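1. pasted the sequence and its predicted model underneath.
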Amino acid sequence: MAIRGNLREASLPDVLQLLAMGKKTGCLSITHRTSFGYIYFDKGRICYASVVNRRDRLGDMLVKGGTITQAQLDAALGAQAKRLETPLGRLLVEQGAVSAQQLNAAVDVQIREAVYFLFTWHQGTFNFEADVAPEGQDQLVSINPESLLLEGARRVDEWSLVEKKIPSFDLIFGADRNRILKSDADLTEEQTCVLEQVDGMRDVQGIIDATGLVEFEVGKALLGLLNAGFIRRIGKTAPAPAVAAHGRAEEHRNLGIAFFKTGMFDESLREFRRVIELRDGETTARYYVGVVLARQAKWEEAAAAVKECASRSEAKPAVFHNLAFVLEQQHRYDEARTALNTAIERGAAKDPRVRTSLGVVCLLTGDLAAADEALTGARALFGAKAPTPAWFHFAALAAALVGDARRAASILADGVGAYPRAATLHNNLAAVHERLGDYDAAFAAAERGLHEDAGLAHLHKNIGDLRYRAARYDEALESYARATRANPEIGPDTYLKLGNIRLRRMERDEALRCWERALELDPDNAIVRSNLESVRQAY
């Protein structure tokens, strides 16, 4: 289920309630001007949330709570600069700065704060993509969205008051020290912390960064200090003409990755192209451009982009793996095989995904022995982890094509065990059982597949074939009709059998139409042509 909309028409709390009530799993992405955030759901509960290019509050919260020192945080941030894809929390655990339990508690707070921050966005767009999981996150939570609504509503109300006097984070405030000294007012801990950073030079964003407090806490503290007359607005930060190109490129890169992960490919492409404009000779962004174009099925453009990355001496195996996929989609199988062999030579010899892809290309070129060997070898490389659904599909196909249907059935039985909702695997298992003559097992597998995906045309066709074989023609007719509605190009044999059933029912014109369609799909089909001629002569 995809949900798209505008925050002016549907508030974020309303969207969260909808997803919670529907027990949805996936990613809700929210875009506001140049900012981007996302909230991941697992069966209606929030499991992760973040705001891109917003300073990571996890480290600040741990320092503020006395769990780690500033030196430990700085060391972790330094390590993260060299390992951009590694979460800060994982680095802190690796360094022994925090325990897993301490980290989980802090992550829970961090995720709640990210959602509260997103509640303050009243403009922008949102997009929900089902069955998308957060990548590279070790610490996930399970939060009932409804438990956040009351606190979120309170913060939104208070933030509306803050925005009236602090409309932007580039404002600079000065402190009236004499008035503060003469006053006997009790300041909150947050107000005291913020006041220490009010120096007439640091703007609001600078205070947020210096204190480690979240935006809401800083804004609320500043509003209280303003109302008390302890601080006053004295100016704004001059626009930074020269935000370093490197810094801006990193922001666009982060946005590009976030958009890509949530399926917003046009937006992702825009951000990666901005990175390329800012960084001459950029390779990572060019690689992502190729990957995004591939997701959009723009194969020629994707091939050009990935080939440019592959031409560089430092190109990694993943570049050649993706290049092979793009070439495969263009039916350039020999080039794809060469790209995969290069990936193996450059360090991917033990990557089961590369070996699987090599097996697929070998299948497509008719080299069945090599395909079976490559896919069998890939299985061992997956180790204790279940292979991908694609591996089960192609490994079983290779086994069947080399004449080992029983091994194919065994592979697919393991596949549906690992991926019980993969309708295609159930369909393939049904086909193999039928080839082995076990029609009851074939019918059961096909029925299970239909339970998972009633729109899969080949499942309806397989059930139709089984019913046709058992002379249950009326039921077969229904299955074949559903198959052709789901995929009008499903194949001439389906239309041949449909025509045969129609003729049995004395529906001559319908039978002729079905056979004519079969002949369109396969002009050399002698059986169909004979049927047409016989019926036309007889009538």
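-> That came in fine, so what should we check first?
2. report pLDDT for Ile166.
-> As predicted, Ile166 sits at a pLDDT of 95.
3. backbone dihedrals for Tyr40, please?
-> Taking degrees, to the nearest 10, you get phi -100, psi 140 for the backbone angles of Tyr40.
4. how about it, nearest residue that isn't a chain neighbour?
-> Computed as Cβ to Cβ, 6 or more residues apart in numbering, the closest residue to Tyr40 that is not its neighbour in sequence is Tyr48, at 4.2 Å. All C-beta spots, glycine's among them, are computed from the backbone N, C-alpha and C.
5. poorly predicted segments of the stretch 201-350 of the chain, please.
-> Within the stretch 201-350 of the chain, the segments meeting pLDDT under 70 span 239-247, 280.
6. so where do the helices sit in it?
-> 204-211, 215-227, 245-261, 265-278, 284-295, 299-310, 317-329, 333-343 (DSSP state H, counting those that start in this stretch).
7. ok, the residue nearest to Tyr40 - contacts?
-> With contacts defined as Cβ atoms under 8 Å, 6 or more residues apart in numbering, the neighbours of Tyr48 are 39-40, 111, 134, 137, 140-141.
8. find the nearest non-adjacent residue to Phe382, please.
-> Among residues not flanking Phe382 along the chain, Pro352 sits closest, at 4.7 Å (Cβ to Cβ, 6+ apart).
9. any idea how many residues pack against the one you found?
-> Pro352: 20 surrounding residues under other Cβ atoms under 10 Å.
10. so it sits against Pro387, correct?
-> Yes: counting by Cβ atoms under 8 Å, Pro352 sits close enough to Pro387 to count as a contact (6.8 Å).
11. which neighbours do the two share?
-> Both Pro352 and Pro387 are contacted by 378-379, under the criterion Cβ under 8 Å, 6+ apart.
12. quick revisit: the residue nearest to Tyr40 is in what secondary structure piece?
-> Tyr48 belongs to strand 45-52 when assigned by DSSP states H and E.
13. packing partners of the following helix or strand past that strand?
-> Scanning the chain past strand 45-52 towards its C-terminal end, the next helix or strand to appear is helix 57-64 (assignment: DSSP H and E). For helix 57-64, the elements it packs on are helix 70-82, helix 88-94, helix 100-119, judged by 3 or more Cβ pairs under 8 Å, 6 or more residues apart in numbering; DSSP states H and E.
14. what's the closest of these to Gly256?
-> Using Cβ to Cβ as the criterion, the shortest distance between Gly256 and the helices and strands packed on helix 57-64 is 18.6 Å, found for helix 70-82.
15. mind giving me the packing neighbours of the closest one?
-> Secondary structure elements in contact with helix 70-82, counted by 3+ Cβ pairs under 8 Å, 6+ apart, are helix 57-64, helix 88-94.
16. quick one, domains of the chain?
-> 3-155, 166-236 (automatic domain parsing).
17. so can I have CSV of those domains showing distance to Leu429?
-> Putting the domains of the chain into CSV (distance: least, Cβ to Cβ, whole Å) gives the following:
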stretch, distance to Leu429
domain 3-155, 22
domain 166-236, 52
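18. out of the ones you listed, which is closest to Ala339?
-> Closest approach to Ala339 among the domains of the chain (Cβ to Cβ): domain 3-155, 23.7 Å.
19. report the rounded mean pLDDT for that closest one.
-> Mean per-residue pLDDT for domain 3-155: 87.
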